[in-house]
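Asker: this one's sequence-less:
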C-alpha cells in the first residue's frame, strides 16, 4: 500500500530583510510502502525548497510531486495540516486525471498531540462490503470507498437526474455518453460537532451548498447539480469555520473520496494544474541538485532521474 502524504508546513523564524521575517519549510515528500511482512518502509523522503514568505502569510502546504501519482494507492488529505489547503492540492491531482482516494492519519507524534489533538484524531473510514478484516479494509481503501474525517461523517451518491437506476458511490465511475447531463446528488451528514458548510465539489469548485438547520450536526438532502458535459469528479465535504468541541483540531472537517464521471470515455485533464506541478517539480529538482548532503553521486543521480520521470508524466498531461 503506497500513500501520498501532503507536506506539513512548519514556520521557522529568522530575518530575511525588513519585510520578511518567516520562512516556510515544506517537509516535502514522504512515500511509504507496505512491505510483505506488514512493516512499512520509506520509499522516498526529502525536503522541498525553502521559500520565503511575507510576514503573516500562510503558504499552502504542498503535495509530493516527485513520483508518478499513478503509483499511489491513496492521498492523505487529513493529517497535522490545514485540511482545506491539503484538499486543494488533492483537487489539482484529481484534475490531472489521477484517481486518488481520500485517506487520513495523525502519524505517531505524541509530543505534538497537545497542540493538535490526540493520535487517531484524523482517521479514515472504509466501506468493506463484507466482514471487517485487514485485507478487505485495504482493498476498500484502494478502491476509493473511503471517507476521511476528524468528526463529521459524510456520504455522497450520484446518478443522472430522473434515473431510477442504482446510485454511484465513492470509488465508482459513472459512465455517460457525449452531451450535457443533469445529475442529482444524495448527501448525508452526521457529526459530533456543529459544521458551518456542507458542500459538493467538482474540479476544485463548489457546485452545491446544502442547507443546515438546528444544531448543524445532521442533514439529508437530494440536490440537482449543474449539467456536466465533460469528464470530472465529485466529492462531498463538511467543515466548520473554527474549532468546535469535542473535535480537538483547528476545525471539524470530513470528506468523501471522489465519484468519477466519464463523459464519452474522455479522461479528466487540466493543463493549468499540470503546470502547477511542473513548476513545483522544477523547484524540487533545483533544490535537490544544489543539496550537498548526498551520500554518493549515484544516490543523487538516482533521485534526479526519479524527479525527471515524474516531470515527464506531468508534461504529458498539459
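Answerer: Done, it's in. Given the structure is predicted, the values throughout are model-derived calculations rather than measurements.
Asker: so where's the stretch 151-300 of the chain shaky on pLDDT?
Answerer: Within the stretch 151-300 of the chain, no stretch has pLDDT under 70.
Asker: How about the stretch 1-150 of the chain?
Answerer: In the stretch 1-150 of the chain (pLDDT under 70), the answer is 1-70, 107-116.
Asker: Now do stretch 223-243: distance to the chain's middle.
Answerer: Remark: stretch 223-243 is offset 14 Å from the chain centroid, using C-alpha atoms, centre = their mean, to the nearest Å.
Asker: Show me where the stretch 151-300 of the chain has its strands.
Answerer: Taking DSSP state E, counting those that start in this stretch to define them, one finds strands in the stretch 151-300 of the chain at 153-160, 173-176, 181-190, 197-202, 205-209, 218-228, 232-239, 253-256, 259-263.
Asker: Could you single out the most deeply buried of those strands?
Answerer: Of these, the one with the most neighbours on average (mean count of other C-beta atoms under 10 Å) is strand 253-256, at a mean of 29. Every residue, glycine included, has its C-beta placed from N, CA and C.
Asker: That one - which strands sit beside it in the sheet, and in what orientation?
Answerer: Its sheet considered, strand 253-256 pairs with strand 146-149 (antiparallel), strand 232-239 (antiparallel) by DSSP bridges.
Asker: can you list those in a markdown table and add distance to residue 211?
Answerer: Putting the strands paired with strand 253-256 into a markdown table (distance: least, C-beta to C-beta, whole Å) gives the following:
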| stretch | distance to residue 211 |
| --- | --- |
| strand 146-149 | 21 |
| strand 232-239 | 13 |
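Asker: now for the ones you listed, which one comes closest to residue 297?
Answerer: Residue 297 lies closest, by C-beta to C-beta, to one member of these: strand 146-149, at 40.6 Å.
Asker: Please list all residues in contact with the closest residue to residue 190 other than its chain neighbours.
Answerer: The shortest distance from residue 190 to any non-neighbouring residue, by C-beta to C-beta, 6 or more residues apart in numbering, is to residue 153 (4.6 Å). Neighbouring residues of residue 153 by C-beta atoms under 8 Å, 6 or more residues apart in numbering: 125, 147, 188, 189, 190, 191, 254.
Asker: Same check on residue 197?
Answerer: Shown in contact with residue 197 (C-beta under 8 Å, 6+ apart): 209, 212, 237, 238, 239, 240, 241.
Asker: Neighbours of residue 161, how many?
Answerer: Neighbourhood size, residue 161 [other C-beta atoms under 10 Å]: 14.
Asker: just checking, it touches residue 186?
Answerer: No. Between residue 161 and residue 186 there is no contact under C-beta atoms under 8 Å: 11.6 Å.
Asker: one step back: nearest to residue 270 among the strands paired with strand 253-256 would be which one?
Answerer: Residue 270 lies closest to strand 232-239 among the strands paired with strand 253-256, at 9.8 Å (C-beta to C-beta).
Asker: Next, the angle strand 218-228 makes with that closest one.
Answerer: Going by axes from the mean of the first three to the mean of the last three C-alpha atoms, to 10 degrees, strand 232-239 is angled at 150 degrees with respect to strand 218-228.
Asker: what residues does strand 232-239 touch?
Answerer: With C-beta under 8 Å, 6+ apart, strand 232-239 has contacts from 83-84, 87, 94, 102, 152, 154-156, 158, 170, 185, 187, 189, 191, 195-203, 207, 225, 251-261, 268.
Asker: mind running it again at 7 Å?
Answerer: Contact with strand 232-239 is made by 84, 94, 152, 154, 156, 158, 187, 189, 191, 195-203, 251-261, 268, as judged by C-beta atoms under 7 Å, 6 or more residues apart in numbering.
Asker: Cheers, nothing more for now.
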